[in-house]
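Novice: Task: produce atomic coordinates for the following.
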Amino acid sequence: MSAQHANTAEPPALERSRASLAIKPEMKKPAVLISHPTGNQNLRNALLSLVENGMLAEFWTTVAWDRESVWNRLLPSGLRSQLARRSFPDTPKDRIHCVPLRETIRLTAKPLHLESMLCSAERPFSVIGMYRNFDARVAARLRTARVDAVYAYEGGALNTFREARQLGIAAIYELPSSHWYWEQTLLLEEAERSPQFSGLLPKLKDSPRHMQWKDEELRLADCVIVPSEHVRRTLSGVVPAEKIRVVNYGAPFVEAIRSRSDDPAEPLRVLFVGALIQRKGIGYLLDAIDMVGTQVTLTLVGMRFAPNTRVDSACNRWRWFESLSHSEILEVMQEADVLVLPSLAEGCALVVLEALACGLPVIVTPNTGSLEFVRDGYEGFVVPTCNSEAIAERLNRLCRDRDLLASMSQYARQTAIEKSWEVYRNEWAEAVRGAICQ
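Specialist: This next block holds a predicted model:
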C-alpha cells in the first residue's frame, strides 16, 4: 500500500495552532491530570487539547514509547509498529508518568502462550487487573499533585475518584461506550436470537463485581463526558442529565482521496473494521454478504475473539487482516467502496469517522453512535440493528447505482472536514473547563 494515497499529515493551519501554545499571563488555566492505561485517537486528541490550552498538569499511562529512542531503531518492524501505538509525541516528556509492569507482562503473555494462565478474567495481569492497579497508582499520586481536576476513563477511575472526592478535586469521567447494563440486556437478547454467535459476546463475561466497580465510578464523577447522543440515552435514569456533556469524536485529516470505479459491472468492495464479534454485528454482515453474492467482495480488519465456524470460514474466503496500524487502516479504506458496521452497541465508532475522512460511504446502525454525522441517504445508510436483509438491500442499491455511491462519497468527505479532530479538541476543552467551574 502506498503512503501517498492516505497522507495523514495535518494541514499547515493546524501545525501553526500547535506551535502557538503561549498562555496569556492574565488568564489562570486549570491544571488537569489525565489518565488512560493504553491510549487511542480520542485520548491523544484530549491530550493535545490540554497542551494547546495550557491545561495539562500530568498524563498517566502504562507504556509511553519514545519513537526517537536508539532502541526503537533496533527493534523488529512488527514490534516497532506495535510500540508506536503507545507513543505520545505531542505531549511534553516531563508531563508523562508510566506504570508499565502489569501492562508489559500482559502484552508479552500472548506470544508466549501464557495468556489464559496470567491474563484471563480479573487476574492481576488481565485488562481489568491492570486497570485497577493503574488506578490505584494514579490515586496515590493525587495526594501530592497540585491539580484542579482529574480526568479518567471507564474502568480505571474508582480509586482515583475516591481520592479526588477526599481532596476536593473535580472528577471528570469519560464513558466511551453504551451504559453496561443497557448493553448487557441487549447482548443477552442477542445470545438467544443468534446462538451460533453467542460465543462471540465477550462483554457477557463481565462479573457483577466489575459492573459494581463502574457503578461507583459513575456515582463519584462530577461530570460525565460521552461521545454521542446514543450514549447519553443509555444513561437516562442512571446519571442526572445535568452531569452529562456530549462531545463527538473527530475525523482525521486525509489529504489525498483515491478515485473509485464507477463501473457497476465491477464488484462492490465492502470493508469491515473492528473486532470480529457479534456486538459489532459480524454475523449480520456475513449473512448480508451471502445474500448479495458475487456482486461484492469483502475485506475484514480485526481480531478473532474465539473459534466460530462462520467467522473462520469468512477469514479464509475473503481478505482478512488481524491487525493494522492506523495509517494502514486508512490505506485499506482508500481501496474500498463502502464500510459496513452493523454494531449492536457502540459509543461513537471511530472507524466510521475515519471512513468518512477517506470519502468512504458507510452503512451503520443507530447504535454505532454515528447519527450526529451520518444521515441516511447522504453519507451512507442507517439500517436497523440485527437486520441482514436491510444491509443486503443497501449493498445491492450501491452496486447498481454508482452515481449514488459517488455522491455519498462527496458528502462523507465534507462531513469529515466539518467534524475534524480540531473541532473536537475545542469542544472538549470547553466541556472540561465547564466541568471544573460548575
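
Novice: tell me, what residue is most central in the protein?
Specialist: Nearest residue to the geometric centre of the chain (C-alpha atoms, centre = their mean): residue 350, 5.0 Å.

Novice: Okay, that one and residue 88: tell me how far apart.
Specialist: Residue 350 is 17 Å from residue 88, where distance means C-beta to C-beta, to the nearest Å. (Glycine included, C-beta is placed from N, CA and C.)

Novice: go on, residue 201?
Specialist: Distance of residue 201 to residue 88, computed by C-beta to C-beta: 33 Å.

Novice: show me the contacts for residue 130.
Specialist: Listed by C-beta atoms under 8 Å, 6 or more residues apart in numbering, the contact partners of residue 130 are 37, 62, 102, 103, 106, 124.

Novice: Could you pick out the buried ones from those residues?
Specialist: Among those, those buried by neighbour count (16 or more other C-beta atoms under 10 Å) are 37, 62, 102, 103, 106.

Novice: show me what contacts the closest residue to the second one other than its chain neighbours?
Specialist: For residue 62, the nearest residue in space outside its immediate sequence neighbours is residue 103; the separation is 3.7 Å by C-beta to C-beta, 6 or more residues apart in numbering. Residues in contact with residue 103 (C-beta under 8 Å, 6+ apart) are 37, 38, 62, 63, 130, 134.

Novice: Looking at those residues, which is nearest residue 227?
Specialist: The closest of those to residue 227 turns out to be residue 38 (C-beta to C-beta; 16.7 Å).

Novice: gap between residue 226 and residue 389?
Specialist: Between residue 226 and residue 389 the computed distance is 31 Å (C-beta to C-beta).

Novice: The two: which is more packed in?
Specialist: Just comparing residue 226 and residue 389: by other C-beta atoms under 10 Å the higher neighbour count belongs to residue 226, 27 against 13.

Novice: Pull up the distance across stretch 396-407, start to finish.
Specialist: Taking C-alpha to C-alpha, to the nearest Å, stretch 396-407 runs 16 Å from one end to the other.

Novice: Give me the buried positions along the host helix or strand of residue 312.
Specialist: According to DSSP states H and E, residue 312 maps onto helix 309-317. Neighbour-count burial for helix 309-317, counted by 16+ other C-beta under 10 Å, picks out 310, 311, 314, 315.

Novice: so what pLDDT did the last one get?
Specialist: Per-residue pLDDT puts residue 315 at 98.

Novice: same question, the second one
Specialist: For residue 311, the pLDDT comes out at 98.

Novice: ok, the closest residue in space to it that isn't next to it in sequence - contacts?
Specialist: Distances taken as C-beta to C-beta, 6+ apart put residue 276 closest to residue 311, at 5.1 Å, once the chain neighbours are dropped. Contact partners of residue 276, counting by C-beta under 8 Å, 6+ apart, are 200, 282, 300, 302, 303, 304, 305, 308, 311, 315.

Novice: again, only this time at 10 Å
Specialist: 200, 282-283, 285-286, 300-306, 308, 310-312, 314-315, 320, 322 (C-beta atoms under 10 Å, 6 or more residues apart in numbering).

Novice: hmm, back to that, which outside residues touch the helix holding residue 312?
Specialist: 196-197, 199-200, 272, 276-278, 282-283, 285-287, 289-290, 298, 300, 302, 304-306, 308, 320-322.

Novice: Which elements pack onto the helix or strand just after it?
Specialist: Using DSSP H and E, the helix or strand that follows helix 309-317 towards the C-terminus is strand 319-321. Here strand 319-321 touches strand 268-273, strand 296-301, helix 309-317, helix 326-335, going by 3 or more C-beta pairs under 10 Å, 6 or more residues apart in numbering; DSSP states H and E.

Novice: hmm, try it at 7 Å
Specialist: The helices and strands touching strand 319-321, judged by 3 or more C-beta pairs under 7 Å, 6 or more residues apart in numbering; DSSP states H and E, are strand 296-301.

Novice: Now the strand it packs on - C-alpha only, CSV.
Specialist: C-alpha atoms of strand 296-301 as CSV (Å, rounded to 0.1, in the frame of the first residue of the first chain):
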residue,chain,number,x,y,z
VAL,A,296,-19.4,-7.8,-3.8
THR,A,297,-16.0,-8.6,-2.3
LEU,A,298,-15.2,-8.3,1.4
THR,A,299,-12.2,-7.2,3.4
LEU,A,300,-12.1,-7.8,7.2
VAL,A,301,-9.8,-6.0,9.6
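
Novice: Partner strands of it, with direction?
Specialist: Within its sheet, strand 296-301 is paired with strand 268-273 (parallel), strand 319-321 (parallel), according to DSSP bridges.

Novice: Pick the most deeply packed of those strands.
Specialist: With neighbours taken as mean count of other C-beta atoms under 10 Å, those reach their highest mean count in strand 268-273, at a mean of 23.

Novice: Strands of the stretch 1-150 of the chain, residue ranges please.
Specialist: For the stretch 1-150 of the chain, the strands defined by DSSP state E, counting those that start in this stretch occupy 32-35, 56-61, 96-98, 149-153.
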